[in-house]
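> predicted model and sequence below, questions to follow.
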Amino acid sequence: MEFYGLIGEKLGHSYSPQIQQRLLELLGVQGGYKLFEIPKDKIGGAAAAIRLLGIKGVNVTIPYKQELLRQVDALSPEAEALGAVNTLLLQEDGSLYGANTDYFGFGRMLASADIPVRGKVCVVLGAGGASKAVLAYLKDAGARMIYLVSRDPARPVSLPNGVCVTHVGYSQLDALKGDVLINTTPVGMYPNTGISPVAPEVIAQFDALVDLIYNPTETEFLRLGRGMGKTTCDGLYMLVAQAAKSQEIWQGRPVEEAVIRQIYGEMKEELAR
């Protein structure tokens, strides 16, 4: 029996246990996935606790993605570029390996909706932590131009290594036409549904809309886009895909796309109830 879990401060509404337990079942792994709520004054001992308890794999969520990065022995290139980890692997020699699977989850999300970014103009709404993996992927995938939109474009933002963006404010969106519009803000998330981070006039200027929000699966932002005939993609697929990437790291073998699609479908049905 192998043990896995999620480290965070407040985890009451996390879908990770359900998704990861289902992944373990479909992969034929005898394992359990638990929640580990750790107060901020105790997080400094997290790595030592993982080693002591022999927990093979751990996911990390806010606010500890940067703190755990400082406690691991080795990092994936993506985690190093983003300055954050969300997946830890306890290796056989007792060392901890840190990775960031949000990067891969976002890429698989785009592929699932057949949204290409190579040579495209991509606009990212929100300059918070959620935008970092998106920006890094867009750069690596060959986006022609990346715009980062925030409330205060004059304020410096922390960007992933090697990423260059044009930083603009929301007031400048009316004059901006592009290919892919990506929402990384919480605007429209449950329970504050029914609102969009941008007006319909802005949405009309893009071919595809992507929302990292997964509850509800169809936000007002995506609903408006779908009504205009745009290609849309919700954040639930990214949530499942990044979890699957964690399993690939822990198990040392690939997770088939069919498995991701199956769990995505199951979760989508549950969230619709």
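Everything's here; your move. No experiment lies behind these values; they were computed from the predicted model shown.
> hey, where'd the helices end up in this protein?
Counting by DSSP state H, the chain has helices at residues 16-27, 46-53, 65-69, 77-82, 102-112, 130-140, 200-203, 220-227, 236-251, 257-272.
> dump those to CSV, plus distance to Arg151 and mean neighbour count.
Yep, even glycine has a C-beta here, placed from its N, CA and C like the rest. Converted to CSV, the helices of the chain look like this (distance: least, CB to CB, whole Å; neighbours: other CB atoms under 10 Å):
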stretch, distance to Arg151, mean neighbour count
helix 16-27, 30, 19
helix 46-53, 33, 16
helix 65-69, 23, 19
helix 77-82, 22, 21
helix 102-112, 23, 22
helix 130-140, 13, 23
helix 200-203, 15, 16
helix 220-227, 17, 19
helix 236-251, 24, 24
helix 257-272, 29, 15
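> nearest to Gly119, out of these?
helix 130-140 (11.5 Å; CB to CB).
> report the separation between Glu25 and Ser16.
Using CB to CB, to the nearest Å, Glu25 is found at 15 Å from Ser16.
> Gln251 reaches Val29, doesn't it?
Yes. Under the criterion of CB atoms under 8 Å, Gln251 makes contact with Val29 at 6.5 Å.
> and the average pLDDT for stretch 112-123 is what?
Average pLDDT, stretch 112-123: 98.
> for it, buried residues please.
Residues Ser112, Ile115, Val117, Lys120, Val121, Cys122, Val123 are the ones in stretch 112-123 that count as buried (16 or more other CB atoms under 10 Å).
> do stretch 177-195 as well
Buried, per 16+ other CB under 10 Å, within stretch 177-195: Gly178, Asp179, Val180, Leu181, Ile182, Asn183, Thr184, Thr185, Val187, Gly188, Met189.
> phi, psi of the second one?
Read that as Asp179. phi -100, psi -50 (degrees, to the nearest 10).
> returning to what we had before: dump the helices of the chain to JSON lines, plus distance to Leu96.
Shown next, in JSON lines, are the helices of the chain (distance: least, CB to CB, whole Å):
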{"stretch": "helix 16-27", "distance to Leu96": "18"}
{"stretch": "helix 46-53", "distance to Leu96": "6"}
{"stretch": "helix 65-69", "distance to Leu96": "9"}
{"stretch": "helix 77-82", "distance to Leu96": "12"}
{"stretch": "helix 102-112", "distance to Leu96": "19"}
{"stretch": "helix 130-140", "distance to Leu96": "21"}
{"stretch": "helix 200-203", "distance to Leu96": "43"}
{"stretch": "helix 220-227", "distance to Leu96": "38"}
{"stretch": "helix 236-251", "distance to Leu96": "12"}
{"stretch": "helix 257-272", "distance to Leu96": "26"}
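> how about those, which one is nearest Asn161?
helix 77-82 (4.3 Å).
> residues in contact with the closest one?
Contacts to helix 77-82, defined as CB atoms under 8 Å, 6 or more residues apart in numbering, come from residues 69, 85, 98-100, 102-104, 132-133, 136, 160-162.
> could these go into TSV alongside distance to Lys34 and pLDDT?
TSV is the format used below for the contacts of helix 77-82 (distance: CB to CB, whole Å; pLDDT from 0 to 100):
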residue	distance to Lys34	pLDDT
Leu69	22	96
Val85	19	97
Gly98	20	98
Ala99	20	98
Asn100	22	97
Asp102	21	96
Tyr103	25	96
Phe104	24	97
Lys132	27	94
Ala133	25	95
Ala136	30	96
Pro160	31	90
Asn161	33	86
Gly162	36	88
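> kindly reformat those as a markdown table containing distance to Glu269.
A markdown table is the format used below for the contacts of helix 77-82 (distance: CB to CB, whole Å):
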| residue | distance to Glu269 |
| --- | --- |
| Leu69 | 35 |
| Val85 | 31 |
| Gly98 | 33 |
| Ala99 | 30 |
| Asn100 | 29 |
| Asp102 | 24 |
| Tyr103 | 27 |
| Phe104 | 25 |
| Lys132 | 31 |
| Ala133 | 27 |
| Ala136 | 32 |
| Pro160 | 35 |
| Asn161 | 39 |
| Gly162 | 40 |
